[in-house]
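# One predicted model, sequence on top.
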Amino acid sequence: MALRVLFFASLADITGTSEVELEASPNVTIGAVFATLAARFPLLEPHRKSILFARNSRYATPDTPVQDGDEIAFLPPVSGG
């Protein structure tokens with residue numbers, strides 16, 4: 001199944017891109033998608049505990065299942081003033 005994965009802010013800097021298309025197996029979770037991409041972009045892994053996940057513009061957990069055509073977003077912690 002086809003997924004669109006978005007990287008924001010520092011995560012886009014780490015991966016060198018703001019978006020990737022990914023083919024995934026059925027019955028996969030956001031956590032599994034992250035693991036696949038961390039293998040491709042090893043500098044992502046140290047940020048795993050602080051990343052927020054979203055599926056189709058709604059916050060999600062690593063256990064959230066994904067479906068064909070979903071848009072998955074990885075967001076770093078937000079700060080500012």
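That came through fine.
# Let me see the ranges of the strands in this structure.
Assigned by DSSP state E, the chain shows strands spanning 2-7, 19-23, 52-55, 58-60, 71-75.
# among these, which is the most enclosed?
strand 71-75 (a mean of 20; mean count of other Cβ atoms under 10 Å). Glycine gets a C-beta too; all of them are placed from N, C-alpha and C.
# Return the list of helices and strands in contact with it.
strand 2-7, helix 30-40, strand 52-55 (3 or more Cβ pairs under 8 Å, 6 or more residues apart in numbering; DSSP states H and E).
# now do 6 Å
Helices and strands in packing contact with strand 71-75 are listed as strand 2-7, strand 52-55; criterion 3 or more Cβ pairs under 6 Å, 6 or more residues apart in numbering; DSSP states H and E.
# what's the spacing between the longest one and its chain's center?
What separates the centre of strand 2-7 from the centre of its chain is 7 Å, taken as Cα atoms, centre = their mean, to the nearest Å.
# before we move on, what about stretch 29-43?
7 Å.
# tell me which residues in that stretch are buried?
Using 16 or more other Cβ atoms under 10 Å as the test for burial, stretch 29-43 gives T29, I30, A32, V33, F34, T36, L37, F41.
# from those residues, which single one is nearest S57?
Nearest to S57, judged by Cβ to Cβ, of the buried residues of stretch 29-43 is I30 at 13.6 Å.
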